[in-house]
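Chemist: coords please:
(one chain, ligands or ions: 2)
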Amino acid sequence: MAQFRTLDDIGDVAGKRVLVREDLNVPMQDGRVSDDTRLRATVPTVSELADKGAIVLILAHFGRPKGQPSAEYSLAQVVPAYAAVLGRPVRYIDWEGVDDAVAALRPGDIAVLENTRFFGGEEKNDPAVADRFARLGDRYVNDAFSAAHRAHASTEALAHRLPAYAGRAMEAELKALQKALGDPERPVAAVVGGAKVSTKLEVLRHLVAKVDHLIIGGGMANTFLAARGVDVGKSLCEHDLEATALDILDAAERASCTVHLPYDVAVAKEFAPHPPSLRMCNVHEVAADEMILDVGAAAVEALSDVLKTCHTLVWNGPLGAFEMPPFDAATVALARTAAALTQSGGLVSVAGGGDTVAALNHAGVAGDFTFVSTAGGAFLEWMEGKALPGVEALERR
Ligand code: ADP
Ligand code: MG
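Modeler: Numbers count the residues shown, from 1 in each chain. Ligands and ions are numbered 1, 2, ... in the order given. Okay, the predicted model is just below:
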């Protein structure tokens, strides 16, 4: 794996100004932070640096202000919740007068600088904006894996201007991802589910070359079934991608990757919880007016047996329409198997994706996986095998 400097390499930071890129892009409701998961993820890095006497200057974006400063997108709104999560005072510093405000800080102080996207050049990776940020600090720490798929001034260019290090959350994420797909213990299984093939084509293409077992579920499995001549009735299905699906199946065969498609399914005539028309059947028995909404019990049993033979699992996308019971059954059952195998020490399990995280929480097992990424876009790009500019910029040169 590429080598990164971490906080273990940063040396004595007492009295030094450390610019820390974090993800403070939290959801708000009625002016209050409605989910502080992202804030909590920053605590190890920020506390460690403050405890070592650094002047901690946090850089983050908030929403999409498109280069226009406004109260709506001001990070000042996040500061009270952030101070509560950190359990320490947190100062807020506007871009106006930033130099004087930073100069007045004392060792151990923590300050959130205003939204990086108030600079139009931030999202363009503008060198002048990176210079502006670099002037404020002596060291740079990137702790925001979720923003690392974008080459922005605060995530990419800035890393070339100061001694740069991965923060603790970034370090944990990179290590987990490396264990899962970089240098995994084989056999490796991947579960790819979710609504559509079209959003995960690159993920599937990358995985067939990397994993031993590719388990395809969710709406996207219907496109693969249709490509193999199965009549999927009214199911969500991208018929225009059937040829692409066959290409992926061919590529899998060439790479000796076993693809697992459901052979029994839960179907219904209406897209609703506990529909009266609910029925379990073989994939070849779906009626013209029925939709496949989940993987069936027999297939899940077989998939559990596949996981038992594996040492590594990566998971993105639910196996069914898990928001509507009983179409959560396959996702919950397979997630619990993966969690149990992880806890008994036989499996390294890494999962990510907005709905995937929700589904694992729903199954009550998110804490039992080796690592669950909340990074969204960055996690998917990593699953696609893409280099992430914010990560590359941290590599030891
Ligand atoms: P993630 O956010 O984890 O990357 P996706 O957004 O790709 O996952 O997919 C999640 C969505 O896929 C969920 O809303 C779920 O209801 C939907 N889905 C899963 N299986 C089916 C299916 N058989 N038919 C229709 N929608 C499905
Ligand atoms: Mg989603």
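
Chemist: can you show me the strands along the stretch 151-300 of the chain?
Modeler: 164-166, 188-192, 213-216, 258-260, 264-268, 279-282, 291-295 (DSSP state E, counting those that start in this stretch).

Chemist: out of these, which gets nearest to ligand 2?
Modeler: Counting by Cβ to the ion, ligand 2 lies closest to strand 188-192 out of those; the figure is 12.6 Å. Backbone N, C-alpha and C define where each C-beta goes, glycine included.

Chemist: give the contact list for the closest residue to ligand 2 within the stretch 1-150 of the chain.
Modeler: When scored by Cβ to the ion, the stretch 1-150 of the chain has S146 as its residue closest to ligand 2, at 14.5 Å. By Cβ atoms under 8 Å, 6 or more residues apart in numbering, the contact set of S146 is 23, 25, 38, 374-379.

Chemist: did I read that right, it in a helix?
Modeler: Yes. The assignment for S146 is a helix, going by DSSP: H, G, I helix; E, B strand; the rest coil.

Chemist: quick one: name the residues of this structure near ligand 2.
Modeler: Neighbours of ligand 2 within the chain, by Cβ under 5 Å from the ion: 354-355.

Chemist: mean confidence for the longest helix along the chain?
Modeler: Using DSSP state H to define each element, the chain has its longest helix at helix 329-343. Average pLDDT, helix 329-343: 98.

Chemist: got the angle for it vs strand 188-192?
Modeler: 150 degrees (axes from the mean of the first three to the mean of the last three Cα atoms, to 10 degrees).

Chemist: what's helix 329-343 packed up against?
Modeler: Judged by 3 or more Cβ pairs under 8 Å, 6 or more residues apart in numbering; DSSP states H and E, the packing partners of helix 329-343 are strand 291-295, helix 297-308, strand 312-316, strand 348-352, helix 354-363.

Chemist: run the chain-centre distance for the first one.
Modeler: Taking the mean C-alpha point of strand 291-295 and that of its whole chain, the gap between them comes to 25 Å (Cα atoms, centre = their mean, to the nearest Å).

Chemist: and what of the longest one?
Modeler: Here helix 297-308 is found 25 Å from its chain centre; the criterion is Cα atoms, centre = their mean.

Chemist: could you check the angle it makes with strand 291-295?
Modeler: Put simply, helix 297-308 runs at 40 degrees to strand 291-295, going by the same axes, to 10 degrees.

Chemist: quick check: buried residues in helix 297-308?
Modeler: For helix 297-308, burial by neighbour count (16 or more other Cβ atoms under 10 Å) applies to 299-300, 302-304, 306-307.

Chemist: re the thing from before, restricted to buried residues, select the contacts of S146 in PyMOL.
Modeler: In PyMOL syntax, the buried subset of the contacts of S146 is picked out as below (16+ other Cβ under 10 Å):
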select buried, resi 23+25+38+374+375+378+379
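
Chemist: the contacts of S146 in helices, which ones?
Modeler: 38, 377-379.

Chemist: closest one to G217 out of these, please.
Modeler: The nearest member of these to G217, counting by Cβ to Cβ, is F379 at 18.0 Å.

Chemist: skipping its backbone neighbours, what lies nearest whichever residue of the stretch 51-200 of the chain sits closest to ligand 1 in space?
Modeler: The minimum distance from the stretch 51-200 of the chain to ligand 1, using Cβ to the nearest ligand atom, falls at G194 (2.3 Å). Excluding its sequence neighbours, the residue lying closest to G194 (Cβ to Cβ, 6 or more residues apart in numbering) is G317, at 3.2 Å.
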